[in-house]
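> Fold the following for me, if possible:
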Amino acid sequence: MGPSVSLLLQLLLFIPIVHATNATVSVYDESKKYKYDGCYNETTQVPGSADTRALGGGIEESLPGQMTVPTCLAFCGNGNTEYRYAGLEWSRECWCAQTLSGIAEKLDDTACNYPCEGDNTTACGGSLKLTDW
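The predicted model follows:
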């Protein structure tokens with residue numbers, strides 16, 4: 001393999017993988033405990049946020065290939081502490097907290113367009129975006 005082909009292959013490793021979105025994802029609204037609150041921006045990159053999360057100070061769980069909204073809501077609503085807020089980001093990350101950051105901005109629901117990895121018909125946030133209950 002010549003140097004140009006080898007260099008090209010190495011550069012291809014640095015190309016970010018584009019997350020597939022599904023135009024037909026829907027918002028889950030079947031919980032008796034949590035009410036859908038909307039799509040919010042993640043605050044870690046907001047100037048002045050000190051890298052704090054929109055749903056900070058709580059707990060989180062990541063289930064690659066398995067995350068669903070009911071799984072996240074159960075995680076946040078069961079156990080010793082029942083969290084007021086549950087949010088999903090990146091199709092697989094579940095965040096639970098007692099408060100939603102005051103600098104988190106509500107976005108149009110269409111901004112949270114990543115399907116859940118465990119249920120590709122339901123919205124599970126997006127890139128630096130939280131589907132929030």
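
> switch to C-alpha atoms for all contacts and neighbour counts from now on
OK.

> which stretches of the protein form strands?
Taking DSSP state E to define them, one finds strands in the chain at 38-41, 59-62, 85-89, 93-97, 106-107, 115-116, 119-123, 129-132.

> Mind giving me the packing neighbours of the fourth one?
The reference is to strand 93-97. Applying 3 or more CA pairs under 8 Å, 6 or more residues apart in numbering; DSSP states H and E, one finds that strand 93-97 contacts strand 59-62, helix 69-77, strand 85-89.

> What residues does residue 87 make contact with?
Contacts for residue 87 (CA atoms under 8 Å, 6 or more residues apart in numbering) come out as 55, 72, 94-96, 125, 130-133.

> ok, back up a step: of the helices and strands packed on strand 93-97, give the one that comes closest to residue 110.
Closest to residue 110 of those, according to CA to CA: strand 85-89, at 13.7 Å.

> tell me the angle that closest one makes with strand 93-97.
Calculated by axes from the mean of the first three to the mean of the last three CA atoms, to 10 degrees, strand 85-89 forms an angle of 160 degrees with strand 93-97.

> what about strand 85-89, distance to the chain center?
7 Å (CA atoms, centre = their mean, to the nearest Å).

> Could you spell out the sheet neighbours of that strand, each with its direction?
strand 93-97 (antiparallel), strand 129-132 (antiparallel) (DSSP bridges).
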